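Asks: got a structure for you, letters missing:
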């Protein structure tokens, strides 16, 4: 009997507890359900974290964006009447934050990555609830970057205050610290005496006319793998050759940051497990100078990735001990690499001292003549060599299209005629030569309008690093051909894959999902062009606020952004002008510019140079 009464009391207490828990759950369901009504759970989670982030970072709860922004629907262009007054500022530890290449994030998320395959250097983007919704501060003492072309050879130490590379590579002439500046003598791991002499020697090895590396305009785009601080690409610019300098955010963390600070085209990337963000047949020349890449791993998969992005007849210059050293280990590796490239149908174009240059075949003939079962195999017939966003590499050879095989090459005009000549691959995308020419003409007119709007604010050397967030055929960049700038042409991953047309025009670019961060350091672009990109991500249900913060992250202080979009989108952006420390330079619409669509508005802003209190103190 006693036990029975005890069991009854326990049951009663248990029922009471369950009832209370149930009531709390129901209350939370209706409370949060009503607040989140009309929006996706993803969006709601992102908004909630902003409130927490503002308080954690010391923001004013009455004025910060995080607390003022209520849980609106994903249609961020709808007017909610709220004008945010400020964003919180990120901790100084995040002044070089690259959200999708943040090793701290990898550790926190306990991602199981294969370090031997370099997966930890590939993109791993934070979910919305893990994003830093704050402004990235400049380093203490930050100054407006030195102008091009002087910037090729020197930069302000305060802007990239990481001098470990100068000490580590002191015998290789990468960079030297002198007072308030960092000097770049043009050296490299393999070319201590200067990139200019090394480039001349490569042209001489290939017997190009007059020892000019551009080969009378037939060599225009180059991929430099493991580029260091990109002096090779920087010195090639004088030859009218455009180089995509590529390196990971590895132990030499800031090499790409130095390249971009200097005004040299560069991109953070790695030959790991996924394809590089470049279409097939993008480059006439690839280069590796002591890049410490194991080309034999996984059946030569990394060398086969270079093969994919090389044009018919393209070159690969390799300067490394495996080619010239006489010790047993290097001789063995050298023989195995030579055997691999021979099976890939590459031939030795030139060999001298410590460098060998291989050449890719012009046609499929060699591939067809290989013995059955030869490895590496040809890629499957249904493989798309231009699919590049989050696509795994495969250890296979990409054969040429019927057009390139019959033409014995890509059929591209030499530079600079290449820029405005309709390329053969236009037909792959259903474009006609007339559409190409019209697009080129329209964007020349639009860029003229942009420059007129910017006119009072810029000089001939104000702009250097430019990004087009939605490049389409690359006509925005083509319209800037006479300006002393280079353009990173970005093609959104879910739109027409026009990046191969960009490369066929002798320009460079990459691919990105603008619901995620771009693979670059903060403060790397002087001008960002955003044509209808906000409308695009709104349709995908992504955060316009996050994209504004991303534009601010990669825009240099005193740099400019051009937003071209529908009126409601522009009004949405205008609400954040003050919170982002931007100022309006000017606007255009169809009434003031006949080249614009009837519902299109252009907004041009300039980012102010602002410093945290610590930065002010250190710069005084």
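Replies: The structure has been received and is ready for your questions. Keep in mind that what you see is a predicted model, and the values were worked out from it rather than measured.
Asks: from here on, contacts and neighbour counts on C-alpha atoms
Replies: OK.
Asks: Next up, the contacts around residue 593.
Replies: Contact partners of residue 593, counting by CA atoms under 8 Å, 6 or more residues apart in numbering, are residue 449.
Asks: What separation do you get for it and residue 599?
Replies: 12 Å (CA to CA, to the nearest Å).
Asks: so residue 485 touches residue 462, yeah?
Replies: No: applying CA atoms under 8 Å as the test, residue 485 and residue 462 come out as separate, 9.5 Å apart.
Asks: When those two are compared, which one has more neighbours?
Replies: Between residue 485 and residue 462, counted using other CA atoms under 10 Å, residue 485 has the larger neighbour count: 21 against 18.
Asks: The more buried one and residue 343, how far apart?
Replies: If you go by CA to CA, the gap between residue 485 and residue 343 works out to 41 Å.
Asks: which residues does residue 561 bridge with?
Replies: Residue 561 forms beta bridges with residue 528, residue 605, as assigned by DSSP bridges.
Asks: Likewise for residue 355?
Replies: Here residue 355, judged by DSSP bridges, has bridge partners residue 319, residue 352.
Asks: tally of neighbours for it?
Replies: Neighbours around residue 355, by other CA under 10 Å: 22.
Asks: try residue 180
Replies: So residue 180, with other CA under 10 Å, has 10 neighbours.
Asks: and it, backbone torsions?
Replies: Dihedral pair for residue 180: phi -80, psi 0, per degrees, to the nearest 10.
Asks: The stretch 351-500 of the chain: strands as residue ranges?
Replies: 355-359, 465-468, 486-492 (DSSP state E, counting those that start in this stretch).
Asks: Could you point out which of those strands sits nearest residue 518?
Replies: With CA to CA as the criterion, residue 518 lies closest to strand 486-492 of the strands of the stretch 351-500 of the chain, at 9.7 Å.
Asks: So which elements touch the closest one?
Replies: strand 465-468, helix 475-478, helix 499-504, strand 508-512 (3 or more CA pairs under 8 Å, 6 or more residues apart in numbering; DSSP states H and E).
Asks: how about the first one: buried residues?
Replies: Read that as strand 465-468. By neighbour count with 16 or more other CA atoms under 10 Å, strand 465-468 contains the buried residues 465, 466, 467, 468.
Asks: Low-confidence stretches in the stretch 151-300 of the chain?
Replies: Residues of the stretch 151-300 of the chain meeting the criterion pLDDT under 70: 166, 169-173, 189, 192, 250-253.
Asks: try it again with 50
Replies: Nowhere does the stretch 151-300 of the chain drop to pLDDT under 50.
Asks: now swap in the chain and tell me
Replies: If you take pLDDT under 50 as the line, the chain has these spans: 1-12, 14-15, 18, 21, 24-63, 66-73, 615-620.
Asks: switch to 80 and redo it
Replies: Within the chain, the ranges that satisfy pLDDT under 80 run 1-81, 164-174, 187-193, 250-253, 592-595, 611-620.
Asks: pretty sure residue 222 belongs to a helix, no?
Replies: No: under DSSP: H, G, I helix; E, B strand; the rest coil, residue 222 falls outside any helix and is assigned strand.
Asks: Quick check: residue 289 vs residue 138, distance?
Replies: Counting by CA to CA, the gap from residue 289 to residue 138 is 33 Å.
Asks: can you check residue 375 too?
Replies: 51 Å.
Asks: hmm, back to that, output the buried residues of strand 465-468 as JSON lines; include the columns distance to residue 277.
Replies: JSON lines is the format used below for the buried residues of strand 465-468 (distance: CA to CA, whole Å):
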{"residue": "465", "distance to residue 277": "19"}
{"residue": "466", "distance to residue 277": "18"}
{"residue": "467", "distance to residue 277": "16"}
{"residue": "468", "distance to residue 277": "16"}
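Asks: Show me where the stretch 201-350 of the chain has its helices.
Replies: Assigned by DSSP state H, counting those that start in this stretch, the helices in the stretch 201-350 of the chain fall at 231-236, 255-262, 297-309, 321-324, 328-343.
Asks: Out of those, which one sits most buried?
Replies: helix 255-262 (a mean of 26; mean count of other CA atoms under 10 Å).
Asks: What helix or strand is the residue nearest the centre of the chain located in?
Replies: Nearest residue to the geometric centre of the chain (CA atoms, centre = their mean): residue 519, 4.1 Å. Using DSSP states H and E, residue 519 falls within no helix or strand.
Asks: what do you get for the one 4 residues further on?
Replies: Using DSSP H and E, residue 523 sits in no helix or strand.
Asks: check contacts around it.
Replies: 138, 553, 554, 555, 556, 557.
Asks: pretty sure the last one is in a strand, no?
Replies: By that I understand residue 557. Yes: counting by three-state DSSP, residue 557 is part of a strand.
Asks: my read: it touches residue 145, true?
Replies: No: Residue 557 is beyond contact range of residue 145, at 9.2 Å (criterion: CA under 8 Å).
Asks: more neighbours, these two?
Replies: Taking other CA under 10 Å, residue 557 and residue 145 do not tie; residue 557 has more neighbours (25 against 22).
Asks: And the closest residue to that one other than its chain neighbours, how close does it get to residue 523?
Replies: Counting by CA to CA, 6 or more residues apart in numbering, residue 557 lies nearest to residue 609, which is 4.8 Å off, once chain neighbours are set aside. Separation of residue 609 from residue 523 (CA to CA): 11 Å.
Asks: same check, this time on residue 352
Replies: Look at residue 352 and residue 523: by CA to CA, they are 41 Å apart.
Asks: can you give me the end-to-end distance of stretch 128-147?
Replies: Stretch 128-147: ends 36 Å apart by CA to CA.
Asks: err, stretch 138-149, not the other one
Replies: Span of stretch 138-149 from end to end, CA to CA: 23 Å.
Asks: Only the buried residues of it, if you could.
Replies: Within stretch 138-149, the residues that count as buried by 16+ other CA under 10 Å are 138, 139, 140, 141, 142, 143, 145, 146, 147, 148.
Asks: Pick the one among the residues you listed closest to residue 384.
Replies: Of those, the one sitting nearest to residue 384 (CA to CA) turns out to be residue 148, at 38.9 Å.
Asks: neighbours of residue 205, just the number please.
Replies: 17.
Asks: which residues touch residue 544?
Replies: So, once contact is read as CA under 8 Å, 6+ apart, residue 544 ends up touching 76, 534, 537, 538.
Asks: thinking again about what came up before, need the helices of the stretch 201-350 of the chain in a markdown table (columns: distance to residue 156).
Replies: Putting those into a markdown table (distance: least, CA to CA, whole Å) gives the following:
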| stretch | distance to residue 156 |
| --- | --- |
| helix 231-236 | 17 |
| helix 255-262 | 9 |
| helix 297-309 | 35 |
| helix 321-324 | 34 |
| helix 328-343 | 40 |
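Asks: which residue ranges form the strands in the stretch 51-200 of the chain?
Replies: Going by DSSP E, counting those that start in this stretch, the stretch 51-200 of the chain shows strands at 154-156, 176-178, 181-183.
Asks: From what I see, the residue nearest to the centre of the chain and residue 266 are in contact.
Replies: No: counting by CA under 8 Å, residue 519 sits too far from residue 266 to count as a contact (10.3 Å).
Asks: Distance check, residue 202 against residue 191.
Replies: 12 Å.
Asks: likewise residue 525?
Replies: Counting by CA to CA, the gap from residue 525 to residue 191 is 29 Å.
Asks: Among those two, which residue is more densely surrounded?
Replies: residue 525 (28 against 20).
Asks: list the contacts for residue 99?
Replies: By CA under 8 Å, 6+ apart, residue 99 lies in contact with 125, 126, 131, 517.
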